[in-house]
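Colleague: need a structure here:
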Amino acid sequence: MNLFVGFIIDGFNANKGSSEKDIIFSRFNRQLYMYRPKYFKGHLPQNAVSIQARKLLAHRYFDIVSSLCVLINVTFMLVDHAGASQRFENMIASQNNFFFAVLVLEVCINLIGFGPGAFIYDNWKTFDLIIALGSSAGYMAQNDKVSQFSKSFRLFRIFKLMKMITPIRIILETLISCLPQLANIVLLLVLVYSIFAVSFVQMFGTTRNGVRLGPTASFFDYGSSLMTILQIVTGDEWQELVKDCAVQPPYCTAVFDDSVHGWSEWKPFTLSFGDCGQSYSFLAFVVMKLVCEKVMLNLFIGMILDNFGFFTEEVGDSQDGDWSTGPTTEQTQLISQIFSLFDRQTGRAPISVLHRMMCVLPYPFGYRGKNGELVRNKDDDAVELLIRSELNVLVRLQRDMRIVEKTESWKRFIPLFLLSADVSETIMFEDYMRTIFFWRKHDLIPDMVRIMRNQRVDEVIFISYVILIVDFLKRAVGDRKRQQDLHMIQQLRAFRHWERGDASQSIRNAMVRDLVKHEKDVAKRLTKPLILLHVPATSRVKIELQSFDAEHFEVYEHADVIEDPALELETFMHMVTRYRAVLQFVDPIHAVYGVVAADLSGCSWKGWVRTEAPLS
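Modeller: Okay, here's the model as predicted:
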């Protein structure tokens, strides 16, 4: 029988994959899920009191004091005994009241610091709230039995101490995370047990009572049949039950009809069955024992043993710098902490932070060595390109899924402002780290996973070529833009150098500074902002500058047409209404344009005044 049980468990392990790579990869996936960055999803109050309350809750000494209170309270409750003196009873009652007040105070601080959402998104805070409400019910009931029962609620706070002990905390958290897997096995067990329960009702539902059948076991209906099967599976004696279910005439009635003496006087009708059992009852019970107990129950036990094997690996693993046996719990937690530096408290990160993240992640997952130095190999650039390409593939898949959700699911009837924000451009922690693991530690990938990834790898290689082309074009555009910027900087430097040496430009700059200073003084005297003193332009005049060749036109020198120097500005404004003005750029930036002609006849020159320039 042990060989049979071993065959079942071995088949279970073979089905889920039991090679060393399968175990490492499965453990890494569970670690990613367990230690992913977790953030408070509710709205945090931003008032000063709430901020101070959160700082108090985050302080390391707060957890120590809270745990000590739990330990002392549990210790007092454990030493309580019957026949205690009145003084001892008073002491127990006083400490119960004190630690209940401490618990209520802790719940209130959490409520002030995090708001009502603290008890929705944090399991430990919800746990404390339930215990506080249960204890409060005992105080309000004014009943000794209810009060004693409610006090026992605080015994469950001993679980809070477990999270401070790393091995116990790992086992507790991993056990909770494995509950969905156990639920699937339990559902399968219920299904198989229900099949046998219904079958036994059909076979032995009308069998007469015997030594065991009737008093302690029955197949009369589904509920009693299922309970009887559970009794048998858990070790109840079933030999006498087999005999009771195999009863045959003359110890039973085969059919209830007129052949039974006195039946017609007792009942006016006949039945097609009697109260006899089945001759094959032994075979039925043996099949039920093999399937329900030796197969299904051991499958359930195999799942538990597998999970506890994971627990012991987690607790007993030692850190390996090369990850030859996969990452340990501490290494996975470090990866999660580093990822949280780039996810903006969303649990998702964009592709653009990949290189920076790789430079911070520890080797061999990233480039950071044990002593803080960067460890780069010759193939790291190519590997990083492939990681970036697969992350782009994941982003594309997320976009497609979101489009399908908007067009084909019930979400298309919901207004857009009620839908959650679009996060298709970012990638979840598990997918991000798993992708890096695929390419940085490809020697730990199971063969089955490699086969399943063949199609995606082809797409990743194609995307990598696209990224190389895009990066090349970006570098080309960037180099061109850089050359343009360098040329502009050189022109600006030449202009500044010319500006410091040109007398006319120096005079103009001095006049501009004086004008600005005068405007500031006026604004200060009138106590008005400087911008309110500026008169906005009512219209704009566009002047086109055209290249000019003096050989084909008659040109008048400015100095030749000026008869009176005092009327220089007025003469210029009069001449430009009849002739085009010939201008020449003298600064280094615009000197390349040479001599140009401008039609200034459209200028009104309104507001222009003559100002004598100071002599240098």
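
Colleague: so how far is the host helix or strand of residue 198 off the chain centroid?
Modeller: Here residue 198, judged by DSSP states H and E, is contained in helix 179-204. Centroid displacement of helix 179-204 relative to its chain, using CA atoms, centre = their mean, to the nearest Å, is 36 Å.

Colleague: and stretch 456-467, average pLDDT?
Modeller: Averaged across stretch 456-467, pLDDT comes to 93.

Colleague: list the buried residues of that stretch.
Modeller: 457, 460, 463-464 (16 or more other CB atoms under 10 Å). The way it works is simple: take the backbone N, C-alpha and C, and place the C-beta from them, glycine included.

Colleague: just stretch 278-296 next, same as before
Modeller: 278, 281, 284-285, 288, 292-296.

Colleague: one more: stretch 565-573?
Modeller: Neighbour counts over stretch 565-573 (16+ other CB under 10 Å) mark residue 571 as buried.

Colleague: would you list every one of the helices in the stretch 251-400 of the chain?
Modeller: 263-266, 281-288, 298-316, 329-339, 354-360, 380-408 (DSSP state H, counting those that start in this stretch).

Colleague: turn those into CSV, including mean pLDDT.
Modeller: Listed next are the helices of the stretch 251-400 of the chain as CSV, based on pLDDT from 0 to 100:
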stretch, mean pLDDT
helix 263-266, 62
helix 281-288, 90
helix 298-316, 65
helix 329-339, 89
helix 354-360, 92
helix 380-408, 87
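
Colleague: of those, flag the one that's most buried.
Modeller: Ranked by mean neighbour count, the helices of the stretch 251-400 of the chain are led by helix 329-339 with a mean of 18 (mean count of other CB atoms under 10 Å).

Colleague: quick one: average pLDDT of stretch 230-245?
Modeller: Average pLDDT, stretch 230-245: 86.

Colleague: lowest-scoring secondary structure element of the protein by mean pLDDT?
Modeller: helix 2-16 (a mean of 59; mean pLDDT, DSSP states H and E).

Colleague: can you give me the separation between the nearest residue to residue 332 once chain neighbours are set aside and residue 342?
Modeller: Nearest residue to residue 332, sequence neighbours excluded (CB to CB, 6 or more residues apart in numbering): residue 31, at 4.2 Å. Look at residue 31 and residue 342: by CB to CB, to the nearest Å, they are 19 Å apart.

Colleague: and residue 354, by the same measure?
Modeller: Distance from residue 354 to residue 342, by CB to CB: 9 Å.

Colleague: go on, residue 336?
Modeller: 11 Å.

Colleague: one more: residue 471?
Modeller: According to CB to CB, residue 471 and residue 342 sit 21 Å apart.

Colleague: now do residue 360
Modeller: For residue 360, the distance to residue 342 equals 9 Å [CB to CB].

Colleague: with residue 454 instead?
Modeller: 30 Å.

Colleague: neighbour count winner among the two?
Modeller: residue 342 (16 against 8; other CB atoms under 10 Å).

Colleague: could I get the phi/psi values of that one?
Modeller: The phi/psi pair for residue 342 (degrees, to the nearest 10) reads phi -120, psi 0.

Colleague: and the nearest residue to residue 576 once chain neighbours are set aside, how many neighbours?
Modeller: Excluding the flanking residues, the one nearest residue 576 by CB to CB, 6+ apart is residue 600, at 4.1 Å. As a burial measure, residue 600 scores 17 neighbours (other CB under 10 Å).

Colleague: contacts only, for residue 600.
Modeller: 543, 576, 580-581 (CB atoms under 8 Å, 6 or more residues apart in numbering).

Colleague: for it, identify the helix or strand it belongs to.
Modeller: Using DSSP H and E, no element contains residue 600; it sits outside every helix and strand.

Colleague: roughly how far apart are it and residue 581?
Modeller: Distance from residue 600 to residue 581, by CB to CB: 5 Å.

Colleague: and for those two, which residues touch both?
Modeller: When contacts are counted by CB under 8 Å, 6+ apart, residue 600 and residue 581 have no shared neighbour.

Colleague: dump the helices of the stretch 251-400 of the chain into CSV; add distance to residue 130 as well.
Modeller: Formatted as CSV, these follow (distance: least, CB to CB, whole Å):
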stretch, distance to residue 130
helix 263-266, 59
helix 281-288, 40
helix 298-316, 26
helix 329-339, 28
helix 354-360, 39
helix 380-408, 35
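
Colleague: between the ones you listed, which one is closest to residue 40.
Modeller: helix 329-339 (16.0 Å; CB to CB).
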